[in-house]
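>>> sequence and predicted structure, then a few things I'm wondering about:
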Amino acid sequence: MKLIEKINKNLLDFQIQSIESINNNKALEQLIYAIRMTLSREEFKTKEEIDAYFKTAILLFNNLEKPYWRNGNDNKKLSDYFMSKMDITFDGESKAAINSLIDIWSDRKATNIEFNMRGLEVLLVESRNEFPKTVISLAVKTLMPLIERAEKKLVNNN
């Protein structure tokens, strides 16, 4: 799979064997990075792609554990970041982020893949706790419409 090859070029400490082997924050972060870079400057094209993004974002915000952020990063700095990239409010409670995501999702306001996926990437990078493997696995399955589109683009460009 071309997307796996792209991910593995960025990884020094481990390699991903398949989409199914993604089972930790770092590997999911790299998958999201690969999708984001492959589909940069592109818009969501289908309802399934938009749904994949929002379901994944809600899943991850719903499974954040307090304290949320590593290295003592404050909520204000990351709240501003999530507002600028994902257009969501994060006031120190994941419930606010989830409510913002649901509001935006119902209006189908998300358009730019790169900015929205960058927000998910930062969530994984800054999260203090490792998400459970079941959550990571579900996120990967949920992202499948975007994974398939990125893979198709990589195959067609080579």
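Noted; the coordinates are in hand.

>>> hey, let's count contacts and neighbours off CA atoms from now on
Will do.

>>> can you pull out the helices in this protein?
Ranges of helices in the chain, per DSSP state H, are 2-10, 25-38, 47-62, 75-86, 94-107, 113-126, 133-142, 144-157.

>>> and for the residue found closest to Arg108 once you drop the neighbours it is linked to in the chain, the neighbour number?
Spatial nearest neighbour of Arg108, excluding adjacent residues (Cα to Cα, 6 or more residues apart in numbering): Ile50 at 7.6 Å. Residues near Ile50, counting by other Cα atoms under 10 Å, number 21.

>>> repeat for Leu138
Neighbour tally, Leu138, other Cα under 10 Å: 15.

>>> and the pLDDT at the residue nearest the centre of the chain?
Nearest to the mean C-alpha position of the chain, counting by Cα atoms, centre = their mean, stands Leu120 at 3.4 Å. Note for Leu120: predicted pLDDT of 90.

>>> list the contacts of the closest residue to Arg41 other than its chain neighbours.
In this structure, Arg41 finds its nearest non-sequential neighbour in Glu114, 6.4 Å apart by Cα to Cα, 6+ apart. Shown in contact with Glu114 (Cα atoms under 8 Å, 6 or more residues apart in numbering): 36-37, 39-42.
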